[in-house]
Each structure stands twice: as structure tokens, then as C-alpha cells.
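Q: Here is my input, please return the structure:
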Amino acid sequence: MAKIVVLATGGTIAGSADDAADGVSYRAAQLGVDALMQSVPGLVDLLQGDMLQAAQVAQIDSKDMDFAVWQQLAAQCAQHLAQPDVRGIVITHGTDTLEETAFFLQLALHSAPNAACWQHKPVVLTCAMRPATARLSDGPQNLADAVTLARQPQACGVLAVCAGRIHAADTVQKIHPYRLDAFGSGDAGALGYVEEGQVRWLRPCAGWQAPESSTNSPTIAATPCSALWQAIAHTAPAQWPWVEVLHSHAGATPRALLTLADAGVRGMVLAGTGNATLHHALLEALPTITARGVAMLLSTRSTASQVVRQANAYNQTPATEPIALARYGQTVLSPAKARVQLLLQLLAQTAQL
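A: You can find the predicted model right below:
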């Protein structure tokens, strides 16, 4: 008999407020996974004969997500996905960092030595914008949609579903702080929709394979997938590399870059303006920063669309050679996801030293 595994991490979907009319002043991560599953009407019918296995991995507000929970999620996902009877995994998660966890799991699980076992299986993240105690909570519907999606033969790789929209891990972003339809995928658009218990695909899932054009920081040598998985599995979370995101803006100076470099930061993502452009003061400081061994990637504050570049061009100046645009296939990564990409590149490199 096939099985769907649900891993709970807390978040608003498990939140509680004193008043059913209160959708803001609630306490996240209060309900356990069993209570969440019991809140879904007709869950047995949705499973269509499949078994359900649930576990509580963490109980946190996702604004407080950390590397220790990521490490546990990666390990548990790999363990369950490798089992032949597991059809897919659902992860309940807070909305604030869902996009980061989704992309982390996409990169991490692809790197596992037995990843071939789950090439046709999905990991589906879902969430809620209203707490479980709200008069009209969206959590049960989102969880029902996630279970439906996890059973789909066409679903593979890490996906997210919220308000009926299906998103890919590399493009999903939280774009609204309050609305139920809080997630989008920019110009890429949704992969599909869950409507009345049926999945309507707009385009195929990319799956687990890493695109050939994914970016490495120029200062980091490419490492094999096995090195990344070993680093994720065996490096204590406190030892994971320190990577920060800094924005280019009016009146920018290199002081923050230099201060972080002096403090021992391992990597920086620079979120450029518009078409991933950087203030001249930051450009002029790049050689100094990279000379101190700091790895860097470039992203953009304008995350709804793609950055347009000529082949191998930024400004074709020596000052900009040390920094590359953060890409995952054709997707230019948001600053938050570029940080995840750079973090894992550095983690894998560290494990090989």
C-alpha cells in the first residue's frame, strides 16, 4: 500500500489566537501534526486508499527557521523518499521562510547519493496565512491540496502549494504579508492549480535534476553532489558558513561589506538595483572583498522578473569579474535563494578541505 508522509514544522498553519476573528495577533506553532490532520475534512477520501504517516519535526514560527531544522528535514525526507512505498512527502511550514526551505531541500535532496530512488516523487510544502483558530482558516484547504498534489504521478521535485496555486522551489516567493494568495512565481508563473481536488498542470515540473547553467561563485570550485550531501548530513549547524545579503541602494558605501569581511563572513549576496546593477562604490570595493577570501553572488531587488544580460557580460570591467549572477537554470535567484545557493556551495567546499 502506498504512503504519504506528512512532516510538520509549525508556522501559522499550526497557530492559535484567543479570538476567532483575530488573524494577526496569534501565536504560531501551537497545534501538533495530529491536530492538523484532523482538521482536514474528508482526508480519508483524499488519500484514496493510501496510508498516512505523520511526524513532528519542529514546532517553530518560520521567521525563526534555522540550519538545525533544515538538517533534520533533509535527513527525514531522504529517509522516507528512499522507501518504495512512499509516494510523496508533505511539509507543513510557516510562510515567512517557506521559499528558502523549499529551495534548500531542492538542492540538498538532489545531492543525496540515493537520489535516483525518488526521481519521480515530490516533496510538497504548504502553509496558511490564517491561524488554525481563525473563523475561516485556510490551513485545512491548503493541506488537503498538498496531499492531493503529493499523490500526483506528474509531480516531482520540491513544490509549494498555497491558495490552490502550485509553485516550483526555485521561483516561489512570498509576495504579500496578509492576503490568502500570498505567494507568486514572478514571470515564471504557477506550475498549475489544485481545483476541486484535481490538479490542472500548466507546464511540467522540472523535477530533481539540477540545471546545467546553475551558478557557482567564481571564487568557489565546483564540488560533487556527494560532497554537498555529506556536508549537510554531518556538519554541525553551528559550523555552517556565515553568508549575508546586502542591498545596493542610493548613497551606498562599502563600509558594511568591509565590516563583514573583517568580522569573518564567508559569503555575501549583493542584491542589485533593477537589472542587477550595483552602486559604483560597491563595485570599486569588490576586488578588496574577494581578495579577503569572501565568496560573492549577485542578485536583484527586482525579483518578479528575469535579469537580462548579454552573454558573459556584466559591465566587462575587471572590478566586476569576481561576482556572478545567481542562477538556477534560467531562473535568476532572489537574494534569499541566492544566499541558500552560496551557503551550500561554501558548505560543500568546507567539507572537502
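Q: Distance from the biggest helix by length in the chain to the middle of the chain?
A: Looking across the chain with DSSP state H, the single longest helix is helix 335-352. Averaging C-alpha positions (C-alpha atoms, centre = their mean, to the nearest Å) puts helix 335-352 13 Å from its chain's average.
Q: Show me what it packs onto, helices and strands only.
A: For helix 335-352, the packing partners by 3 or more C-beta pairs under 8 Å, 6 or more residues apart in numbering; DSSP states H and E come out as helix 98-110, helix 225-234, strand 243-247, strand 267-272, strand 295-300. Where you see a C-beta, it was placed from the backbone N, CA and C, and this is true even at glycine.
Q: what comes up buried for the second one?
A: Using 16 or more other C-beta atoms under 10 Å as the burial criterion, the residues of helix 225-234 that qualify are 225, 227-232.
Q: Quick one: those as TSV, columns for distance to Ala182 and pLDDT too.
A: Listed next are those as TSV, based on distance: C-beta to C-beta, whole Å; pLDDT from 0 to 100:
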residue	distance to Ala182	pLDDT
Cys225	33	80
Ala227	36	92
Leu228	31	94
Trp229	32	96
Gln230	36	96
Ala231	32	97
Ile232	28	98
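Q: Show me which residues of the longest helix of the chain are buried.
A: 335-351.
Q: Kindly report the same for stretch 174-182.
A: Using 16+ other C-beta under 10 Å as the test for burial, stretch 174-182 gives 174, 180, 182.
Q: Now intersect those with the strands, please.
A: Lys174 (DSSP state E).
Q: from the buried residues of stretch 174-182, which is closest to Ala304?
A: Lys174 (12.6 Å; C-beta to C-beta).
Q: What lies in contact with the longest strand anywhere in the chain?
A: Ranked by number of residues, the top strand in the chain under DSSP E is strand 51-60. By C-beta atoms under 8 Å, 6 or more residues apart in numbering, the list of residues contacting strand 51-60 from outside reads 1-11, 14, 28-29, 32-34, 37, 43, 69, 72-73, 76, 80, 85, 94.
Q: Point out the ones among these that are inside helices.
A: 33-34, 37, 43, 69, 72-73, 76, 80.
Q: Show me which residues of the longest strand of the chain are buried.
A: Buried, per 16+ other C-beta under 10 Å, within strand 51-60: 54, 56-60.
Q: and of the residues you listed, the nearest to Ala206?
A: Nearest member of those to Ala206, counting by C-beta to C-beta, is Val57, at 25.3 Å.
Q: Thought Ala128 was touching Tyr26, still the case?
A: No: using C-beta atoms under 8 Å, Tyr26 makes no contact with Ala128, being 10.5 Å away.
Q: so where's the protein shaky on pLDDT?
A: 212-214, 218-219, 221-222, 310-322, 353 (pLDDT under 70).
Q: again, only using 80
A: 210-224, 309-322, 351-353 (pLDDT under 80).
Q: Strands along the stretch 151-300 of the chain, start to end?
A: All strands of the stretch 151-300 of the chain, identified by DSSP state E, counting those that start in this stretch, fall at 157-162, 165-168, 173-174, 183-184, 192-195, 198-201, 243-247, 267-272, 295-300.
Q: Figure out which of those strands is closest to Leu143.
A: strand 157-162 (9.4 Å).
Q: And Tyr26 and Ala128? Which one has more around it.
A: Ala128 (29 against 18; other C-beta atoms under 10 Å).
Q: what about the nearest residue in space to Met296 that is not next to it in sequence, how many neighbours?
A: Here the nearest residue to Met296 in space, its sequence neighbours aside, is Ile323; by C-beta to C-beta, 6 or more residues apart in numbering that works out to 4.7 Å. Under the neighbour criterion other C-beta under 10 Å, Ile323 is assigned a count of 26.
Q: what does Ala291 give?
A: By other C-beta under 10 Å, 11 other residues sit near Ala291.
Q: any idea how far it lies from Leu258?
A: Ala291 is 12 Å from Leu258, where distance means C-beta to C-beta, to the nearest Å.
Q: Ok, Gln79 next?
A: 43 Å.
Q: Same check on Gln345?
A: Using C-beta to C-beta, one gets 23 Å for the distance from Gln345 to Leu258.
Q: What of His80?
A: His80 is 45 Å from Leu258, by C-beta to C-beta.
Q: And Met129, how far from Glu99?
A: Counting by C-beta to C-beta - Met129 and Glu99 are separated by 14 Å.
Q: a helix runs through Gln141, doesn't it?
A: Yes: judged by DSSP: H, G, I helix; E, B strand; the rest coil, Gln141 forms part of a helix.
Q: coming back round to it: could you spell out the sheet neighbours of the longest strand of the chain, each with its direction?
A: The strands beside strand 51-60 in its sheet (DSSP bridges) come out as strand 3-10 (parallel).
Q: Now do the partner strand and helix 98-110, the angle between them.
A: 130 degrees (axes from the mean of the first three to the mean of the last three C-alpha atoms, to 10 degrees).
Q: Okay then, goodbye and thanks.
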